[in-house]
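**Student:** Provided below are the primary sequence and the corresponding predicted coordinates.
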Amino acid sequence: MAIIKSSFTIVELLLSIAIISIIFGLSIPFYQTFYVNSAFNTTISDVRQNIYRAQTRARNSEQDSSWSLRIQDKNIYIYLGDDFTNRNVEYDEITIINGPISIDSIPDIHFSKFSGIPNKSTNITINSSNQKSKIISINSQGGIN
């Protein structure tokens with residue numbers, strides 16, 4: 001009886017590695033685009049959600065006070081009262097912005113107790129590293145676009 005040994009040749013092995021490398025190399029740009037778009041959409045959602053949350057806490061007069069929102073250094077802060085420097089950090093809610101996203105700095109937005117009306121109208125501009133941009137507007141009555 002003859003024993004038959006089957007194996008791969010070096011050419012077949014190199015060809016398989018080359019095909020896998022090409023597929024992997026082509027998929028990296030698609031993954032990067034997906035990652036940036038995902039981070040961009042998540043940031044838009046996070047900013048809107050935090051605006052609504054600060055506004056709702058002010059309308060509900062939680063802790064018998066107004067509530068405010070600050071965006072600073074890739075963090076979104078919801079804090080008690082109108083003074084960020086002298087706030088009670090125990091009530092802070094912090095959302096971290098991940099990914100290659102930037103938000104143009106804006107002055108703090110203060111929402112009045114009971115009505116939830118902001119102290120000013122403002123635009124928040126969110127930018128991604130792949131040149132996408134979104135403007136979230138808060139009007140004088142607290143409406144968000």
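**Tutor:** Thanks, I have the structure now.

**Student:** residue contacts, residue 132?
**Tutor:** Residues near residue 132 by C-beta atoms under 8 Å, 6 or more residues apart in numbering: 36, 37, 40. (C-beta placed from N, C-alpha, C; glycine too.)

**Student:** quick check: the gap between it and residue 70.
**Tutor:** 24 Å (C-beta to C-beta, to the nearest Å).

**Student:** residue 59 too?
**Tutor:** Taking C-beta to C-beta, one finds residue 59 at 19 Å from residue 70.

**Student:** out of these two, which sits in the busier spot?
**Tutor:** Per other C-beta atoms under 10 Å, whichever of residue 59 and residue 70 has more neighbours is residue 70, with 21 against 18.

**Student:** A strand includes that one, no?
**Tutor:** Yes: counting by DSSP: H, G, I helix; E, B strand; the rest coil, residue 70 falls inside a strand.

**Student:** which strand residues bridge it?
**Tutor:** residue 77 (DSSP bridges).

**Student:** for it, give me its contacts.
**Tutor:** 76, 77, 79, 84, 108, 109.
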